[in-house]
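1. need the 3D shape of this:
(4 chains)
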2 protein chains.
Amino acid sequence: MEPAQPRRRATLRDVARLAAVSPKTVSRVVNHEPGVTAAKVAAVTAAIDQLGYRPNVTASALRRANGRTATIGAVLEDVANPFSSALHRAMEDVARARGVSILSGSVDEDPARERALISTFFGRQIDGLVIAAASDNQAYLTTEMLGGTPVVFVDRPPIGVRADAVLIDNRAGARQAVEHLIAAGHRAIGYVGDLRSIATAQDRLQGYRDALAGAGIRPDPGHVVEDRHTEDAAERAVHRLLDGQAPPTALFTAQNLVTIGAIRALRARGRQRSVALVGFDDFPLADLLEPGVTVVAQDPSAMGALAASLIFRRLDGEVWPPVVHTIPTRLIPRGSGEIRPG
Amino acid sequence: MEPAQPRRRATLRDVARLAAVSPKTVSRVVNHEPGVTAAKVAAVTAAIDQLGYRPNVTASALRRANGRTATIGAVLEDVANPFSSALHRAMEDVARARGVSILSGSVDEDPARERALISTFFGRQIDGLVIAAASDNQAYLTTEMLGGTPVVFVDRPPIGVRADAVLIDNRAGARQAVEHLIAAGHRAIGYVGDLRSIATAQDRLQGYRDALAGAGIRPDPGHVVEDRHTEDAAERAVHRLLDGQAPPTALFTAQNLVTIGAIRALRARGRQRSVALVGFDDFPLADLLEPGVTVVAQDPSAMGALAASLIFRRLDGEVWPPVVHTIPTRLIPRGSGEIRPG
DNA sequence: CTGAAAGCGCTTACAG
DNA sequence: CTGAAAGCGCTTACAG
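-> Here you go, the predicted model:
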């Protein structure tokens, strides 16, 4: 005769009652602590199976000395964009190996959402946080970090707070992209970039300027378009650039979606084989487009894996002053960036 | 004089002490319960700010009558694949509107991982679960659901358990895809599909057979390739199909990555404009390839949003017998599927 | 080897 | 309007 299944989940106490032992003994079995007779282990195990008991991790964390919930937070730009989701997946793989789950959320470049997410995540007692920040200052995190929770910045540098970071050299990567276009013979090179509010966008624009300056090219202010955050906005910007007085013969598109928008504009004009293009950020199928899209690629998987492992090393008790890790970028020539000026 | 910041996070008790009120009064303020004098509200609020106090949601959930943690679980195929991540994002948007966070994980078609994730998520007291199942039986979920936690299946039907589901009609969608190729004049149509272990893959193969049967075409067993789960495997399969005795003049590729692998094979042979192709599942940039890739598209955003809203309706107390929602698919002609036989 | 008591941070159910 | 006591499910710190 089995007892009727209760509408509530079985507790450790229920298991103890059924196995005729104390709660503490059940706790010992569940946590694989030594010093319980085989007979009691068997009784407890049987009771656990019979009741479908599953320990309440949150209750356990509440009382445990270290208070760990085996959960880390990931504050991402958008879980659905390929860069964020590759980061996310790499974090997950590192976390899973340690039995740790991931709470994630998208900020969409909205500082208010960033703060709301972080507040929510800390309220849920995360053990660590990986953040791709959208705000222009994260000083508010100092309070959270006083609790000893490790925080690692990824993709975007920390501002107003000292923390580990896993970044790329955006300026050098952008410079390399533009130098590649210069090497192909271009001197009129357009820049289309993301929101000015994003630090990495500023760095990439700086890299663009560095490359022009390095080649002794006078930058044409009319060739620089900032604050394009969507495909559509980028597409319109490229149309306008090409409609200008002295249109550029090459484009440096400083972000994923911007690159795709630019390609749509070039296609619409039948110019994809006559206007050169190098994009920042790789994206799926870039090699299958015609021409293939030359990009400066980041390695989001490596970034996510490193960020997560830094969290875990701190949780394991390692101590070091906040450090910035710079992951190399890589220029991948695929055709669009090797087009020579008309 | 501020007191030295403690190394631990401030608790409700700390706030009470500083504000010189009882813990219960702090609780009232934090939860916006009425009946607290303005003076005490002000004192408590000030103490909260000074200490950087943030309520511990897990402790609160532990004691609360409904035990809600404001967290739902998402068991996905792979957070990094476009289909899963679109699902994920849509769920997030619905959840955020209710202040609910998402715990997610990737199963990679591994039933063991599916069970481990679910066990982990329930151990963290999720309020609801959305699952794209990889296992061939989810009877084990019955125990979890006895606790009253709503579970919604998405993309893959529940097997061995009664639960809500948000699916598409895979068989009808596949049939439509193949009929489209038949309408273009093809009779030798290859099928390349995902793992046999996936129910939706079986349905799609069935739809392929339906279409051929409907047109009175004798299916050629040599034209059917199953169990291709990666781009590479699909690419090799298409090479083999085209090297066969009576190669197909058109392909129906029954999944995302399979479609991309097939395109790579066709490109490698310079056949992308002579062999017709319709894929199941849309993917980013499908319209920018040349030719554009004709697909039967699902709507993962709509699926994720509906799945999440079903969870919340149940949490709000609505009751109904488990129901299957079928989201329509849509054939999007872009070029590859309109190629006529040689 | 085993268990009774106390307490993690919070809310419930009362009493005043 | 306010607070003291008890308890959510678990682990700690002891005692036997």
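2. just the strands in the stretch 101-250 of chain A please.
-> Counting by DSSP state E, counting those that start in this stretch, the stretch 101-250 of chain A has strands at residues A:101-106, A:128-131, A:151-154, A:164-168, A:189-192, A:224-225, A:250-253.
3. save those strands as a markdown table, and put in mean pLDDT and distance to A:His180 too.
-> C-beta here means a position set from N, CA and C on the backbone, and glycine is covered the same way. Formatted as a markdown table, the strands of the stretch 101-250 of chain A follow (pLDDT from 0 to 100; distance: least, Cβ to Cβ, whole Å):
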| stretch | mean pLDDT | distance to A:His180 |
| --- | --- | --- |
| strand A:101-106 | 97 | 32 |
| strand A:128-131 | 97 | 31 |
| strand A:151-154 | 98 | 26 |
| strand A:164-168 | 97 | 17 |
| strand A:189-192 | 98 | 10 |
| strand A:224-225 | 97 | 18 |
| strand A:250-253 | 98 | 9 |
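4. which stretch among the ones you listed comes nearest chain B?
-> Nearest to chain B, of all these, is strand A:101-106, at 5.4 Å by Cβ to the nearest Cβ.
5. anything in stretch A:68-77 near chain B?
-> Yes. Stretch A:68-77 lies within reach of chain B by Cβ under 8 Å from any Cβ of the partner chain, at A:Thr69, A:Thr71.
6. that stretch: end-to-end distance?
-> Distance between the two ends of stretch A:68-77: 26 Å, counting by Cα to Cα, to the nearest Å.
7. again, but for stretch A:222-229
-> 19 Å.
8. please identify the deepest-packed of the strands of the stretch 101-250 of chain A.
-> Highest mean neighbour count of the strands of the stretch 101-250 of chain A: strand A:250-253, a mean of 30 (counted as mean count of other Cβ atoms under 10 Å in any protein chain shown).
9. contacts made by that strand with the rest, please.
-> Applying Cβ atoms under 8 Å, 6 or more residues apart in numbering or on different chains, the contact partners of strand A:250-253 are A:174, A:177-178, A:181, A:184, A:186, A:188-193, A:208, A:234, A:238, A:241, A:259, A:261-262, A:275-280, A:339, A:341.
10. going through the residues you listed, which ones are buried?
-> Buried members of the contacts of strand A:250-253, counted by 16 or more other Cβ atoms under 10 Å in any protein chain shown: A:174, A:177-178, A:181, A:184, A:186, A:189-193, A:208, A:234, A:238, A:241, A:259, A:261-262, A:275-280, A:339, A:341.
11. so which of those reach DNA strand C?
-> Taking Cβ under 7 Å from any atom of the strand as the test, DNA strand C is in contact with none of these.
12. nearest to DNA strand D: which residue in the stretch 101-250 of chain A?
-> Residue nearest to DNA strand D within the stretch 101-250 of chain A: A:Gln125 (12.3 Å; Cβ to the nearest atom of the strand).
13. give the contact list for the closest residue to DNA strand C within the stretch 101-250 of chain A.
-> Closest to DNA strand C within the stretch 101-250 of chain A is A:Gly123: 8.5 Å, counting by Cβ to the nearest atom of the strand. Under the criterion of Cβ under 8 Å, 6+ apart, the contact list for A:Gly123 reads B:Arg54, B:Pro55, B:Asn56, B:Val57.
14. pLDDT score assigned to it?
-> According to the prediction, A:Gly123 has pLDDT 92.
15. also A:Ala10?
-> Reported pLDDT for A:Ala10: 89.
16. please identify the helix or strand for it.
-> Using DSSP states H and E, A:Ala10 falls within no helix or strand.
17. nearest residue to it in space, please, no chain neighbours.
-> A:Leu51 (3.8 Å; Cβ to Cβ, 6 or more residues apart in numbering or on different chains).
18. roughly how far apart are that neighbour and A:Gly35?
-> According to Cβ to Cβ, to the nearest Å, A:Leu51 and A:Gly35 sit 24 Å apart.
19. tell me which of the two has more neighbours.
-> Between A:Leu51 and A:Gly35, counting by other Cβ atoms under 10 Å in any protein chain shown, A:Leu51 is the more crowded of the two (21 against 6).
20. ok, now which ones touch the more buried one?
-> Applying Cβ under 8 Å, 6+ apart, we find A:Leu51 in contact with A:Ala10, A:Asp14, A:Val15, A:Leu18.
21. quick check, nearest of those residues to A:Thr329?
-> For those, the residue nearest A:Thr329 by Cβ to Cβ is A:Ala10; the value is 52.6 Å.
22. and the helix or strand of chain A with the lowest mean pLDDT, C-alpha only, in CSV?
-> Ranked by mean pLDDT, DSSP states H and E, the helix or strand of chain A with the weakest confidence is helix A:141-146, at a mean of 85. The C-alpha trace of helix A:141-146 is given here as CSV (Å, rounded to 0.1, in the frame of the first residue of the first chain):
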residue,chain,number,x,y,z
LEU,A,141,27.8,47.2,-8.6
THR,A,142,30.2,48.0,-5.9
THR,A,143,27.6,47.4,-3.3
GLU,A,144,26.8,44.0,-4.7
MET,A,145,30.4,43.0,-4.9
LEU,A,146,30.9,43.9,-1.2
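23. who's in contact with the nearest residue to A:His229 once chain neighbours are set aside?
-> Of all residues not flanking A:His229 in the chain, A:Leu195 sits nearest, at 5.3 Å (Cβ to Cβ, 6+ apart). Neighbour list for A:Leu195: A:Glu109, A:Ala201, A:Glu226, A:Asp227, A:His229 [criterion: Cβ under 8 Å, 6+ apart].
24. tell me which of those residues is nearest to B:Leu103?
-> When the contacts of A:Leu195 are compared for distance to B:Leu103 (Cβ to Cβ), A:Glu109 wins out at 23.8 Å.
25. ok, the nearest residue to that closest one once chain neighbours are set aside to B:His88 distance?
-> Nearest in space to A:Glu109, with sequence neighbours left out and distances taken as Cβ to Cβ, 6+ apart, is A:Ala134 at 4.6 Å. Remark: distance between A:Ala134 and B:His88 (Cβ to Cβ) = 19 Å.
26. same deal with A:Asp243?
-> Per Cβ to Cβ, A:Asp243 is found 39 Å from B:His88.
27. same question, A:Gly317
-> According to Cβ to Cβ, A:Gly317 stands 33 Å off from B:His88.
28. spit out the contact partners of the closest residue to A:Leu205 other than its chain neighbours.
-> In space, and not counting its chain neighbours, A:Leu205 is closest to A:Gly193: 5.6 Å by Cβ to Cβ, 6+ apart. Applying Cβ under 8 Å, 6+ apart, we find A:Gly193 in contact with A:Ala201, A:Arg204, A:Leu205, A:Val224, A:Val225, A:Glu226, A:Asp227, A:Arg228, A:Thr253, A:Ala254, A:Gln255, A:Val258.
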